[in-house]
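A.B. asks: Attaching a predicted model along with its sequence, questions to come.
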Amino acid sequence: MLKRFAFSVLSAAMVLSLGTGAAFASQGDRVSTAKAPLTGSIQPQSANLYVGWTQKSGAHHYQLSIRNTDTNNILYVKGERIEHKWVYGDSISLPEVPPGPYRVWLGAYDNNGNIIGQDTNYVTVNYNGGNVWLNP
């Protein structure tokens with residue numbers, strides 16, 4: 001008789017605990033009503049802009065200017081204003097450029113500071129960055 005009573009109590013305890021567990025499980029199955037951000041609203045704050053060009057024969061250095069065509073503001077990269085920036089070689093990679101449309105101007109200068117060639121091109125920087133090629 002004692003065994004039967006213990007078994008009944010144990011069975012009742014198991015049924016109660018299963019019922020409570022089911023109640024907790026249904027709480028966890030609820031779908032959150034918090035709104036997730038839209039995919040279009042998740043954008044990086046900046047990207048790299050690569051500017052390359054064909055070297056001009058007789059060029060000593062180049063000057064680079066970049067302007068945002070939406071705001072008409074000169075581009076600043078890490079606090080440096082990219083207007084008439086002296087550049088040597090045939091390319092420059094600018095980090096942390098804000099997304100947007102830009103006009104890129106490059107002038108080729110000889111040893112005396114005379115302009116011997118120039119080119120302008122447009123580029124849109126997005127989350128993948130941007131690339132522009134010039135031929136001064």
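C.D. replies: Done, it's in. Residues are numbered from 1 along each chain as shown.
A.B. asks: Could you find the closest non-adjacent residue to E96?
C.D. replies: Nearest residue to E96, sequence neighbours excluded (CB to CB, 6 or more residues apart in numbering): S46, at 4.0 Å. C-beta here means a position set from N, CA and C on the backbone, and glycine is covered the same way.
A.B. asks: next one: W53
C.D. replies: L134 (4.0 Å).
A.B. asks: Next, count neighbours for that neighbour.
C.D. replies: Using other CB atoms under 10 Å, L134 has 22 neighbouring residues.
A.B. asks: contacting residues around stretch 86-97?
C.D. replies: 45-55, 61-64, 66, 75, 77-78, 82, 125, 129-130 (CB atoms under 8 Å, 6 or more residues apart in numbering).
A.B. asks: For ChimeraX, write the select line for the buried members of the residues you listed.
C.D. replies: Those of the contacts of stretch 86-97 that count as buried under 16 or more other CB atoms under 10 Å are selected in ChimeraX with:
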select :46,47,49,51,53,62,63,64,66,75,77,82,125,129,130
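A.B. asks: Let me know the pLDDT of S41.
C.D. replies: The score at S41 is 50. That number is its pLDDT.
A.B. asks: Correction: the previous question concerned G129.
C.D. replies: 88.
A.B. asks: From S57, how far off is it?
C.D. replies: 30 Å (CB to CB, to the nearest Å).
A.B. asks: before we move on, what about Y102?
C.D. replies: If you go by CB to CB, the gap between Y102 and S57 works out to 27 Å.
A.B. asks: Of the two, which one has the most company?
C.D. replies: Neighbour tally, Y102 and S57, criterion other CB under 10 Å: the higher count belongs to Y102, 23 against 8.
A.B. asks: hang on, that one in a helix?
C.D. replies: No. Y102 is assigned strand when assessed by DSSP: H, G, I helix; E, B strand; the rest coil, not a helix.
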